[in-house]
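Peer 1: Need a 3D model of the sequence below.
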Amino acid sequence: MRDDMRIGDGVLFYHSSCAEPGVAGLAEVCSAPYPDETQFDPKSPYFDPKSSRDKPRWLLVDVKLREKTALLPLKRMRELPQLQSMLLLRPGSRLSITPVTEVEWREVLALLRT
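Peer 2: As a prediction, this is how the structure comes out:
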């Protein structure tokens, strides 16, 4: 996914590891991917000795908040048949970034607007 993100792509801002996880806002990608500098710093907890400047293993993008929304709880999302294919909703999913299809994006936006 890191190679597929483009400036202007939409982002669902998701709260996790909290009392009620869920979508809490909308953002957008506002930079091209670039290397995360912490991977090169031996003093950083994120140092990766297998990463090099010519072949970085960890890239990041900057995101910009578009709007805060009312929380769309993960529990509610799991109840909806139209969202059952979302990677985020798969049992055991612990990815911090997951792709969202156009259909899923529209469904979540509609839920956030109600």
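Peer 1: residues in contact with stretch 66-76?
Peer 2: Stretch 66-76 is touched from outside by 15, 20-28, 88-89, 108, 111-112, with contacts defined as C-beta atoms under 8 Å, 6 or more residues apart in numbering. The C-beta positions use only the backbone N, C-alpha and C, and glycine is treated the same way.
Peer 1: Tell me the buried residues within the residues you listed.
Peer 2: 21-27, 88, 108, 111-112 (16 or more other C-beta atoms under 10 Å).
Peer 1: Can you list which of those are found in helices?
Peer 2: 108, 111-112 (DSSP state H).
Peer 1: Now residue 48: closest residue in space, sequence neighbours ignored.
Peer 2: residue 39 (4.4 Å; C-beta to C-beta, 6 or more residues apart in numbering).
Peer 1: about what we covered before: just the buried ones among the contacts of stretch 66-76: which has the poorest pLDDT?
Peer 2: On pLDDT alone, residue 88 ranks lowest of the buried ones among the contacts of stretch 66-76, at 85.
Peer 1: Many thanks, I have nothing further to ask.
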